[in-house]
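**Student:** Turn this into a structure:
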Amino acid sequence: MARPAEKAQAMLNKWVKMREQSDTIQQPTRRPYLASLCEHLHDAEKWRRQIIREISDGISKIQNKGLGEHAIRDLNDGINKLMREKWHWNKRIVELGGADYNRIEKLQQIEESNDGPEGSIGLKGSAGYRYFGAAKDLPGVKELFARNAVKLTKRKRGDVYKYITPDYYGLRDEEDGVLLEVEEKASKKRREQLNNVRDEFRSIVNAKISELESDDDDEEQQAMGGIIGAEDAISAHVALPTQEIVERTILEEKKKKLLDSLS
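**Tutor:** All right, here's what the predicted structure looks like:
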């Protein structure tokens, strides 16, 4: 029979072996496809370091201009894919209570941008895509960044005034004749509306004047006993015109002035 010490040692060895097997099962050997599948901060930090090593290897490989255009494009696409993956892992590390690497890297990029437009992380294209190493010399890439460099050139106030033409102030709007034609149509329409309003106003004024004249004639006939003219007044031996005749004269003068102002 085995001694108790040997049995205890055998049991200990068996337990250690079982623990090592369980540890190898719990710890994945491959990086998860999604960063959200990682539940431990230590593992997230480890996968982030692994991505950084892969990015460094890719950048070192893409410096070789003899790889060929297709190989350089594939390497550049792979590096950009790893950069996006690293961003997601940085975000997951923050969710697990770790450091905000995205903010730290952003500050580093701002500092490096002062050294030149290229920096240490490659030329930046559209939608965050970057070109590294020999990818900067690919056909079409240089022309793209040459156009962007012209657009990003800071313009001075004098350069802005240099490109201001008389068209900016509307001094040549009448040369094509379109504006004059539109203005002529609008003016004609406006004159027609004004004439219609003026005729309507004249008709209303004439109606009011005729109404007042009829009322004054009736009152004058009643006051003077049928005397309506100067001859009748002389025949009636009236030395001075009555109040009604004065009012009528004033009314005729006002009527005359009103018609003169409307004509």
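
**Student:** you'd agree residue 141 is up against residue 135?
**Tutor:** Yes: Residue 141 is in contact with residue 135 according to CB atoms under 8 Å; the separation is 6.8 Å. Any C-beta I mention is one placed from the backbone N, CA and C, and that applies to glycine too.

**Student:** Dump the C-alpha coordinates for the helix or strand hosting residue 20 into CSV.
**Tutor:** Taking DSSP states H and E as the criterion, residue 20 maps to helix 4-26. Taking C-alpha atoms only, helix 4-26 is exported to CSV below (Å, rounded to 0.1, in the frame of the first residue of the first chain):
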residue,chain,number,x,y,z
PRO,A,4,-0.2,8.6,3.1
ALA,A,5,2.4,11.2,1.9
GLU,A,6,2.6,9.7,-1.5
LYS,A,7,-1.2,9.7,-1.8
ALA,A,8,-1.3,13.3,-0.7
GLN,A,9,1.3,14.2,-3.3
ALA,A,10,-0.6,12.4,-6.0
MET,A,11,-3.8,14.2,-5.1
LEU,A,12,-1.9,17.6,-5.2
ASN,A,13,-0.5,16.9,-8.6
LYS,A,14,-3.9,15.9,-10.0
TRP,A,15,-5.4,19.1,-8.6
VAL,A,16,-2.6,21.3,-10.0
LYS,A,17,-3.1,19.7,-13.4
MET,A,18,-6.8,20.2,-13.3
ARG,A,19,-6.4,23.9,-12.4
GLU,A,20,-3.9,24.4,-15.3
GLN,A,21,-6.4,22.9,-17.7
SER,A,22,-9.2,25.0,-16.4
ASP,A,23,-7.1,28.2,-16.8
THR,A,24,-6.2,27.3,-20.4
ILE,A,25,-9.9,26.9,-21.2
GLN,A,26,-11.0,30.2,-19.5
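
**Student:** Beyond it, next helix or strand please.
**Tutor:** Using DSSP H and E, the helix or strand that directly follows helix 4-26 along the chain is helix 41-62.

**Student:** Quick check: buried residues in that next one?
**Tutor:** 43, 44, 45, 47, 48, 51, 54, 55, 58, 59, 61, 62 (16 or more other CB atoms under 10 Å).

**Student:** name the helices or strands packed onto it?
**Tutor:** Judged by 3 or more CB pairs under 8 Å, 6 or more residues apart in numbering; DSSP states H and E, helix 41-62 is in contact with helix 69-95.

**Student:** hmm, back to that, I'd like the mean pLDDT over the helix holding residue 20, please.
**Tutor:** Per-residue pLDDT over helix 4-26 has a mean of 74.
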